[in-house]
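[1] Here's a sequence, model it:
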Amino acid sequence: MTQSTEPVPGTIRTISSREVYRNPWLSLREDVVERPDGSRGIYSVVDRPDYAVVIAAERDGFHLVDQYRYPIRARHWEFPQGCFPPGRTGTAEDLGRAELAEETGLSATSWTALGTLNGWHGASGQAFTVFLATGLSAGTPRREHEEQDMRHRWVPRPEFERMIRAGSVRDDSTLAAYLLLQLHERTLG
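    Okay, here's the model as predicted:
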């Protein structure tokens, strides 16, 4: 899922790179860089695995999840999303299927990739692929320990848009995914 990291001519060049921190979910590295004018500086980069965002849609509405997000000390509704746990790999669609089942218990018969974006491109190369999942069937969620407080519900599209305006949906990946869905729907006519 990761995009090319080949240098672009006339841009910042990496002179050296060293890892300064690592845990099972991310690493932080510090790069010495050379700018196009020849001056040098330091750039800190967070390396995290790519993730999938799933728009589980039916009856002109969406399945959302809500959980407490420790870094912002708040709860907000969002589309199901996540990355593979350490040591597990697969395609972006495999990941989307796993996250949807894990967080909501849902499975889908139709998967459409809507696009791949970078949400934190000033500090990380992490990308996320957005999927539209339809033909949904209910099942039992298999949430990770960190997701034990997660809630799941279906909301009609007009309510979802009201939630965005009211600040109940603030997740950047969810908002970007919704824009990709709207663009996709326009191309269908």
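[2] Quick one: the helices in the chain, in order.
    Assigned by DSSP state H, the chain shows helices spanning 92-104, 157-166, 172-188.
[3] In TSV: these, plus mean neighbour count and distance to R69.
    Bear in mind the C-beta positions are built from the backbone N, C-alpha and C, glycine included. As requested, those are exported to TSV (neighbours: other CB atoms under 10 Å; distance: least, CB to CB, whole Å):
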stretch	mean neighbour count	distance to R69
helix 92-104	21	14
helix 157-166	13	16
helix 172-188	15	12
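[4] Adding distance to R73 and mean pLDDT, write the ones you listed out as a markdown table.
    Below are those laid out as a markdown table (distance: least, CB to CB, whole Å; pLDDT from 0 to 100):
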| stretch | distance to R73 | mean pLDDT |
| --- | --- | --- |
| helix 92-104 | 21 | 97 |
| helix 157-166 | 19 | 98 |
| helix 172-188 | 17 | 97 |
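[5] TSV for those, including distance to P141?
    Conversion of these to TSV gives the following (distance: least, CB to CB, whole Å):
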stretch	distance to P141
helix 92-104	6
helix 157-166	20
helix 172-188	18
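[6] wait, which of those is closest to G115?
    Of all the helices of the chain, helix 172-188 sits nearest to G115, with 4.8 Å by CB to CB.
[7] helices or strands up against that closest one?
    Judged by 3 or more CB pairs under 8 Å, 6 or more residues apart in numbering; DSSP states H and E, the packing partners of helix 172-188 are strand 51-58, strand 74-78, strand 107-118, strand 127-137, helix 157-166.
[8] okay, it in PDB with CA atoms only?
    The C-alpha trace of helix 172-188 is given here as PDB (Å, rounded to 0.1, in the frame of the first residue of the first chain):
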ATOM      1  CA  ASP A 172      -9.600  13.400   9.200                       C
ATOM      2  CA  SER A 173      -9.600   9.900   7.500                       C
ATOM      3  CA  THR A 174     -13.400   9.600   7.800                       C
ATOM      4  CA  LEU A 175     -13.900  13.100   6.300                       C
ATOM      5  CA  ALA A 176     -11.500  12.400   3.400                       C
ATOM      6  CA  ALA A 177     -13.100   9.000   2.800                       C
ATOM      7  CA  TYR A 178     -16.500  10.600   2.600                       C
ATOM      8  CA  LEU A 179     -15.200  13.100   0.000                       C
ATOM      9  CA  LEU A 180     -13.900  10.200  -2.100                       C
ATOM     10  CA  LEU A 181     -17.300   8.500  -1.800                       C
ATOM     11  CA  GLN A 182     -19.000  11.600  -3.000                       C
ATOM     12  CA  LEU A 183     -16.600  11.900  -6.000                       C
ATOM     13  CA  HIS A 184     -17.200   8.200  -6.800                       C
ATOM     14  CA  GLU A 185     -21.000   8.700  -6.700                       C
ATOM     15  CA  ARG A 186     -20.700  11.600  -9.100                       C
ATOM     16  CA  THR A 187     -18.900   9.500 -11.600                       C
ATOM     17  CA  LEU A 188     -21.600   7.000 -11.500                       C
END
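[9] If anything else comes up later, I'll come back, but that's it for now.
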